[in-house]
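**Q** coords please:
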Amino acid sequence: MTTPTDGTAIPADAPPPQCPAHTGMRAARQPMYGPEAATPYALYERMRREHGQVAPVLLPGDVPAWFVLGHRENLDVMRTPASWSCDSRNWNVRLPPDSPLLPLTAWQPLLVFADGQEHARLREAVVDSLGKIDRHSIRRYVVRYANQLIDSFAHTGRADLVTDFAEKLSALVMARQMGVRESDALPLGAAVRDMVKGSETALQSNDLLVSIMSDLVERKKADPGPDLASHFLDHGSNLSDQEVMEHLRHAIVAAHENTTNLMANALLMVLTDRRFRASLSGGSLTLPDALEQVMWDAPPLSVGAFRFARRDIELGGQLVRAGDMVLLGLAAGNADPKIRPDLHLPAPGNRSHLAFSAGPHECPGQDIGRAISETAIDTLLTRLPDLDLAVAESELDFSTSLVSTRLNSVPVRFAPRRGRPAAQESPTHAQPLPAVASPAAEPAATAPARRSWWQRFLGRR
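**A** Numbering: from 1, shown residues only. Below is the predicted model:
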């Protein structure tokens with residue numbers, strides 16, 4: 001439960017206080033849950049027509065907040081921490097103990113809830129530690145794990161690119177970089193996805209996640225290595241064991257969910273979007289360009305971290321009172337007609353999207369997510385260039401939460417492969433991975449042949 005900044009106790013049965021600014025306009029607020037919220041872009045368009053670039057909304061439990069729809073307005077909030085705090089203890093709403101918003105908003109000693117000098121201390125530790133991760137080793141591990149996963153279903157002629165590929169690959173690669181035991185990687189990834197989904201077993205999944213990360217901290221204190229956990233422990237910011245564990249927990253949740261969603265959305269674009277196929281066949285769009293387009297059209301998170309007004313402030317024509325919550329509309333800002341009057345036109349090379357936030361809280365690991373997704377998709381389509389969607393696009397399974405729209409399944413079919421092409425065979429792929437391996441020791445043969453898979457993919461069509 002959130003607590004007021006003065007530290008006074010709140011009775012467990014106390015009702016949420018009613019902010020005067022909210023009470024009078026509750027009926028005019030748009031619920032950010034329910035059937036209409038399942039089609040967010042239509043909802044964004046309607047809210048923009050009715051309220052402009054900032055709209056009053058209701059969160060689950062009829063909790064009032066503001067939703068930022070404008071691209072410029074989102075950047076204003078992200079880039080002015082003097083006016084907008086990340087610390088949820090500044091919120092003028094107190095939640096009941098059973099609120100579904102508590103896992104997202106309850107204050108924790110984390111970078112994402114910190115302001116000022118505390119934020120600077122924690123961010124320095126995160127940025128420096130991520131900077132020590134070898135990007136070349138990431139790509140080698142992506143190729144290695146991707147080929148193993150493809151080998152597991154290539155003979156069947158069918159696969160689900162989310163559950164059989166993107167989810168598992170993201171978990172394996174991110175766990176490796178953090179120092180998690182390989183035997184724990186897939187259970188860890190499954191726990192993260194279950195927790196973010198908010199299922200009935202979400203609390204048990206979080207317990208497993210905390211257990212794995214706590215064990216990781218203890219192991220790396222005794223036996224450090226070239227991994228994120230060891231870099232955190234060794235950093236000059238003197239993070240406590242609890243801070244290290246919490247930041248590892250947050251990092252795996254953010255990295256795994258975002259990278260999985262990015263891969264799934266990009267693969268769906270490859271299979272269904274005529275703009276993508278036409279641009280690639282004309283030579284004007286590369287795979288990195290396509291990933292940027294996905295971050296415009298279907299960012300991994302549709303809503304970014306919350307902010308809390310430090311004072312009464314006007315934003316997008318609305319008066320936001322001190323202590324009010326605002327939600328950063330990443331997907332809504334990307335679709336702002338003031339910067340994208342025609343959403344059907346691609347934006348190759350344009351990285352002004354909001355997918356990774358901006359300002360002092362911009363995602364520090366965004367290049368890792370890009371590298372994993374680009375290498376994974378390249379490897380998959382080099383191996384299986386005849387992929388076809390196995391169901392009608394209208395039958396795809398999505399789930400929508402407050403912060404994201406997730407593809408749960410992308411079933412595909414292709415001609416079954418009896419074995420890996422001779423040029424791709426190597427002892428590294430034929431053998432199970434060891435529990436601990438040095439990427440520097442892997443042969444260069446693990447890299448896929450750099451050929452134009454998209455020309456074969458598009459030519460087939």
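
**Q** ok so residue 133 is a strand residue?
**A** No - going by DSSP: H, G, I helix; E, B strand; the rest coil, the assignment for residue 133 is coil, not a strand.

**Q** quickly note the distance from it to residue 232.
**A** In this view, residue 133 and residue 232 are 12 Å apart by Cβ to Cβ, to the nearest Å. In short, each C-beta sits where N, CA and C put it, glycine included.

**Q** ok, the two, which is more surrounded?
**A** More crowded of residue 133 and residue 232, by other Cβ atoms under 10 Å: residue 232, with 26 against 17.

**Q** confirm that the more buried one sits in a helix.
**A** Yes - counting by three-state DSSP, one finds residue 232 located in a helix.

**Q** how about the strands in the stretch 51-200 of the chain?
**A** Under the criterion DSSP state E, counting those that start in this stretch, the stretch 51-200 of the chain contains strands at 54-59, 63-68, 84-85, 158-160.

**Q** quick one: the strands in the stretch 201-350 of the chain?
**A** So, for the stretch 201-350 of the chain - with DSSP E, counting those that start in this stretch - the strands run 303-309, 313-315, 318-320, 325-329.

**Q** out of these, which is the most enclosed?
**A** strand 325-329 (a mean of 25; mean count of other Cβ atoms under 10 Å).

**Q** quick one: that strand to strand 63-68, angle?
**A** Angle, strand 325-329 to strand 63-68, by axes from the mean of the first three to the mean of the last three Cα atoms, to 10 degrees: 40 degrees.

**Q** can you list the strands that strand 325-329 pairs with?
**A** Here strand 325-329 is paired, per DSSP bridges, with strand 63-68 (parallel), strand 303-309 (antiparallel).

**Q** with respect to residue 148, which of those lies nearest?
**A** For these, the distance to residue 148 is smallest for strand 303-309, at 33.8 Å, taking Cβ to Cβ.

**Q** what is the mean pLDDT for stretch 359-375?
**A** For stretch 359-375, the mean per-residue pLDDT is 90.

**Q** that stretch: end-to-end distance?
**A** Stretch 359-375 has an end-to-end distance of 28 Å (Cα to Cα, to the nearest Å).

**Q** ok, residue 85 - how many residues close by?
**A** Residue 85: 20 surrounding residues under other Cβ under 10 Å.

**Q** try residue 160
**A** Residues near residue 160, counting by other Cβ under 10 Å: 18.

**Q** list the residues that contact it.
**A** 409, 410, 411, 412 (Cβ atoms under 8 Å, 6 or more residues apart in numbering).

**Q** just give the nearest non-adjacent residue to the third one, would you?
**A** In this structure, residue 411 finds its nearest non-sequential neighbour in residue 390, 4.1 Å apart by Cβ to Cβ, 6 or more residues apart in numbering.

**Q** where does that neighbour land on pLDDT?
**A** pLDDT, residue 390: 95.

**Q** partners of residue 68 in the sheet?
**A** Listed by DSSP bridges, the beta-bridge partners for residue 68 are residue 54, residue 328.

**Q** leaving out sequence neighbours, find the closest residue to residue 221.
**A** Using Cβ to Cβ, 6+ apart, the closest residue to residue 221 is residue 233 (6.1 Å).

**Q** the residue nearest to residue 206 when sequence neighbours are not counted - how many residues pack around it?
**A** Among residues not flanking residue 206 along the chain, residue 195 sits closest, at 5.1 Å (Cβ to Cβ, 6+ apart). Residue 195: 21 surrounding residues under other Cβ under 10 Å.

**Q** name all residues that make contact with residue 195.
**A** Applying Cβ under 8 Å, 6+ apart to residue 195 gives the contacts 202, 205, 206, 209, 253.

**Q** try 7 Å this time
**A** Counting by Cβ atoms under 7 Å, 6 or more residues apart in numbering, residue 195 makes contact with 202, 205, 206, 209.

**Q** so which of the residues you listed sit within helices?
**A** 202, 205, 206, 209 (DSSP state H).

**Q** which one of those is nearest residue 50?
**A** Closest approach to residue 50 among the ones in helices among the contacts of residue 195 (Cβ to Cβ): residue 202, at 33.7 Å.

**Q** isn't the closest one right up against residue 193?
**A** No - Residue 202 lies out of contact with residue 193 (Cβ atoms under 7 Å); the separation is 10.3 Å.

**Q** compare these two (neighbour count), which wins?
**A** Of the pair residue 202 and residue 193, residue 193 is the one with more neighbours under other Cβ under 10 Å, namely 22 against 16.

**Q** for residue 180, see how far away the more buried one is.
**A** Separation of residue 193 from residue 180 (Cβ to Cβ) stands at 16 Å.

**Q** return the residues in contact with residue 133.
**A** By Cβ under 7 Å, 6+ apart, residue 133 lies in contact with 177, 228.

**Q** make it 10 Å
**A** Residue 133 sits next to 177, 178, 226, 227, 228, 231, 365, 367, 368 when contact means Cβ atoms under 10 Å, 6 or more residues apart in numbering.

**Q** in CSV, list these along with neighbour count and distance to residue 83.
**A** Shown next, in CSV, are the contacts of residue 133 (neighbours: other Cβ atoms under 10 Å; distance: Cβ to Cβ, whole Å):
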residue, neighbour count, distance to residue 83
177, 23, 35
178, 24, 34
226, 15, 40
227, 21, 38
228, 27, 32
231, 23, 33
365, 21, 26
367, 14, 29
368, 20, 30
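
**Q** using CSV, lay out the strands of the stretch 51-200 of the chain together with distance to residue 397 and mean pLDDT.
**A** As requested, the strands of the stretch 51-200 of the chain are exported to CSV (distance: least, Cβ to Cβ, whole Å; pLDDT from 0 to 100):
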stretch, distance to residue 397, mean pLDDT
strand 54-59, 25, 94
strand 63-68, 26, 96
strand 84-85, 36, 97
strand 158-160, 10, 97
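
**Q** to residue 311, which of those strands lies closest?
**A** Proximity to residue 311 (Cβ to Cβ) singles out strand 84-85 among these, at 9.9 Å.

**Q** give me the contacts around the closest one.
**A** With contact meaning Cβ under 10 Å, 6+ apart, strand 84-85 is reached by 76-78, 90-91, 113-116, 306-311, 313, 315, 320, 323, 326, 328, 359, 361.

**Q** and residue 371, how far is that from residue 171?
**A** Taking Cβ to Cβ, one finds residue 371 at 16 Å from residue 171.

**Q** neighbour count winner among these two?
**A** residue 171 (27 against 18).

**Q** tell me the pLDDT at the residue nearest to that one when sequence neighbours are not counted?
**A** In this structure, residue 171 finds its nearest non-sequential neighbour in residue 189, 2.5 Å apart by Cβ to Cβ, 6+ apart. Note on residue 189: pLDDT of 93.

**Q** how about residue 434?
**A** Reading off the per-residue confidence, residue 434 sits at a pLDDT of 36.

**Q** one more: residue 457?
**A** In the predicted model, residue 457 carries a pLDDT score of 46.
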